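Novice: sequence first, predicted model second:
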Amino acid sequence: MNSLRMLFVSMLTLSILVACSQDDTKDTVKEDETQTTNKVEESNETEDTAEKDTESEESIDEDKELTAIKDKGESVESYHAVIDMNANLDNSEEESLNLDVNYINGENPAFELQTFGELRMVSVDGQTYFNNSEEWVDISDSVELNALFHVTYDQAVQYFSDIYNELERVEEGGEVKYVYEGDDGFVYNRLEQYLQVNFGTVNTTDHQTKIEFTVDDKEKLIKDVLFSSEINDQEGGIDFDGEIHYDAFDKIEPIALPEM
């Protein structure tokens, strides 16, 4: 359908030229007059205290886990990312988006970006060049550097942190998965922000969204982010899904600008 095709054309343009070019209640124990009642209350209070201690310990463990992932993210200097996304409108022909990025953090991040196997953009020290299929074009003055590539590892960690309380932790071998399935509006809206997509006038209120973060439990690094959402609008529906994979942490070689 033309509207979906326009959507993905705009998404690709956005990815290259914008997304890639750019939160106490106190319990009171009443004393009764009889010794028997006091013993019962003491027993209940002990149980309540034990339950609270257990919940507190679990909360501390969860906070430690989140803190460890965030702290590790702050130390990442470079990485490789692959973004694959598919979508269709009203069961029309599926459209796809693919980005393959080598990224080096810094005040002026350096990266090289491929789409469907073709090198499309390179940015180093604030200089950015775009391959329009005919020649390399200097677009350094046309875009904000901090908006060139938005689906960064930093953004993955931020999204993970923002919806952490909505995620269920599942251990699988040496990996840990944090999963979510539901219709929470905040989770969905943050997904749109993370992916830098916008479906315009489509009403996204009625949706079912799935999110899965895969974390290396030893390294405390997010390796994969899987997502899918089914949106039902009065005029139809949109289904989209995809995966973002991060690897080669701190192993990216220096990036050079293309020869002009």
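Specialist: Yep, that arrived.
Novice: CA atoms for contacts and neighbours, from now on please.
Specialist: OK.
Novice: what's residue 191 in contact with, if anything?
Specialist: residue 159 (CA atoms under 8 Å, 6 or more residues apart in numbering).
Novice: my read is it is in a helix, agree?
Specialist: Yes: assessed by DSSP: H, G, I helix; E, B strand; the rest coil, residue 191 belongs to a helix.
Novice: that one and residue 184, how far apart?
Specialist: 11 Å (CA to CA, to the nearest Å).
Novice: can you get me a residue count around residue 154?
Specialist: Per other CA atoms under 10 Å, the neighbour tally for residue 154 reads 15.
Novice: in the helix or strand where it lies, which residues are buried?
Specialist: Taking DSSP states H and E as the definition, residue 154 sits inside helix 153-162. In terms of neighbour count (16 or more other CA atoms under 10 Å), helix 153-162 has its buried residues at 153, 156-161.
Novice: count of neighbours near residue 219?
Specialist: Neighbour count for residue 219, taken as other CA under 10 Å: 12.
Novice: distance of it relative to residue 93?
Specialist: Taking CA to CA, one finds residue 219 at 40 Å from residue 93.
Novice: likewise for residue 143?
Specialist: Distance, residue 143 to residue 93, using CA to CA: 32 Å.
Novice: which SSE is immediately downstream of the helix holding residue 154?
Specialist: Following helix 153-162 toward the C-terminus (DSSP H and E): strand 168-172.
Novice: indicate each strand paired with that following strand and its parallel or antiparallel sense.
Specialist: Sheet pairing for strand 168-172, assigned by DSSP bridges, gives strand 175-182 (antiparallel).
Novice: the inter-axis angle of the partner strand versus helix 153-162?
Specialist: 60 degrees (axes from the mean of the first three to the mean of the last three CA atoms, to 10 degrees).
Novice: all further residue positions should be reported with the first residue as 142.
Specialist: Happy to do that; since the first residue is 142 now, the last one works out to strand 316-323.
Novice: what mean pLDDT does strand 316-323 get?
Specialist: The average of the pLDDT scores along strand 316-323 is 94.
Novice: quick one: buried residues of it?
Specialist: Within strand 316-323, the residues that qualify as buried are 316-322, counting by 16+ other CA under 10 Å.
Novice: quick check, distance from stretch 329-346 to the centre of its chain.
Specialist: Centroid separation for stretch 329-346 versus its chain: 13 Å, with CA atoms, centre = their mean, to the nearest Å.
Novice: just the terminal-to-terminal distance for it.
Specialist: Distance across stretch 329-346, first residue to last, is 9 Å (CA to CA).
Novice: for it, buried residues please.
Specialist: Quick answer for stretch 329-346 (16+ other CA under 10 Å): 329, 331-332, 335-338, 345.
Novice: just the helices in the stretch 242-391 of the chain please.
Specialist: 294-303, 326-336 (DSSP state H, counting those that start in this stretch).
Novice: how about CSV for those helices, with distance to residue 269 and mean pLDDT added?
Specialist: Below are the helices of the stretch 242-391 of the chain laid out as CSV (distance: least, CA to CA, whole Å; pLDDT from 0 to 100):
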stretch, distance to residue 269, mean pLDDT
helix 294-303, 20, 96
helix 326-336, 22, 93
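Novice: contacting residues around the spatially most central residue of the chain?
Specialist: For the chain, the residue sitting closest to the mean C-alpha position, by CA atoms, centre = their mean, is residue 297 at 3.5 Å. Contact partners of residue 297, counting by CA under 8 Å, 6+ apart, are 335, 363, 366.
Novice: could you do residue 250 as well?
Specialist: 244, 264-267, 287.
Novice: pairing partners for the residue nearest to residue 344 when sequence neighbours are not counted in the sheet, please.
Specialist: Closest residue to residue 344 apart from its sequence neighbours, by CA to CA, 6 or more residues apart in numbering: residue 374 at 5.6 Å. Per DSSP bridges, residues listed as beta-bridge partners of residue 374: residue 377.
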